[in-house]
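Q: got a predicted structure here, sequence first:
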Amino acid sequence: MNNEVLDNYEFGKTFTDEIPVEEADKYAELFGEGSKALTELIKYCIVNNIVTLASCKGHPEERDIITRSMETGYISFRFERDYDEEDFAYFLASVPTTKNQIKALVDYDYSAGRVITFYVPARVKGESEAYFTHILNQLKKYKEMKENNELVINQEQKEIVDYMFNYGEAYEMFTITQSSYKKYERNGSSVKRVSKCSANNITGNLHGKFGTYLQKLREKKIDDLINSHRR
């Protein structure tokens with residue numbers, strides 16, 4: 001291992017060197033900031049060739065009583081411009097629907113490229129651990145479903161990812177939570193929400209009875225969200 005590379009690494013800067021799989025433990029420990037769950041998550045990504053951009057366990061102990069209540073941990077996944085990992089991106093966009101308080105930001109940045117970032121609560125020390133462990137378990141689930149051809153893609157999240165990764169502008173971004181989708185637009189240093197719609201929480205019985213009609217409503221709802229702009 002090149003110890004000089006690690007010794008000279010500065011937190012907050014993008015690490016672009018290729019990480020050898022055999023060095024996964026040491027690099028994961030470096031980027032995991034002492035968080036067992038985040039360290040294990042990063043190691044899994046290194047071993048399985050999943051590209052991450054940045055991460056943070058959250059540091060509530062360093063915040064005042066007001067900002068502490070809003071502290072989050074995060075991990076970002078980056079996709080190449082001509083990526084062929086569409087299914088993985090769609091799956092990542094669905095992860096917030098599996099656990100409350102996880103938020104996914106689907107974004108495009110000219111320097112970072114196509115990115116999906118998970119934000120998790122870190123209001124008290126150690127709070128983010130359970131969320132990073134859940135994300136890791138979801139990644140393992142994706143791998144298993146992919147190998148067994150059991151992957152099911154949610155069309156709402158797929159449409160958001162397809163738009164943002166293929167047609168979206170750098171000033172646009174979307175968030176996905178368990179209950180809703182939101183679209184934001186940047187204007188200089190400010191960010192403004194321009195649209196919101198609820199996530200698909202329709203039960204199986206309702207879908208069976210009104211499936212076609214409800215599907216059209218959902219499609220319209222997502223289309224309206226994507227096509228909305230600042231006025």
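A: Thanks, I have it. Residues are numbered from 1 along each chain as shown.
Q: quick one, strands of the chain?
A: Secondary structure of the chain (DSSP state E): strands located at 52-56, 72-79, 103-109, 113-121, 172-176, 180-187, 190-198.
Q: could I get the ones you listed as TSV with distance to E40 and mean neighbour count?
A: Using the backbone N, CA and C atoms, a C-beta is placed for each residue, glycine as well. Converted to TSV, the strands of the chain look like this (distance: least, Cβ to Cβ, whole Å; neighbours: other Cβ atoms under 10 Å):
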stretch	distance to E40	mean neighbour count
strand 52-56	12	19
strand 72-79	12	21
strand 103-109	20	20
strand 113-121	15	22
strand 172-176	24	22
strand 180-187	29	18
strand 190-198	32	13
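Q: how about those strands in CSV, adding mean pLDDT and distance to L30?
A: Below are those laid out as CSV (pLDDT from 0 to 100; distance: least, Cβ to Cβ, whole Å):
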stretch, mean pLDDT, distance to L30
strand 52-56, 91, 11
strand 72-79, 95, 15
strand 103-109, 93, 24
strand 113-121, 95, 20
strand 172-176, 96, 29
strand 180-187, 94, 31
strand 190-198, 92, 31
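Q: and of these, who's closest to R63?
A: For the strands of the chain, the distance to R63 is smallest for strand 72-79, at 10.9 Å, taking Cβ to Cβ.
Q: which elements pack onto that closest one?
A: Identification of packing neighbours for strand 72-79 by 3 or more Cβ pairs under 8 Å, 6 or more residues apart in numbering; DSSP states H and E yields helix 36-47, strand 52-56, strand 113-121, helix 128-147.
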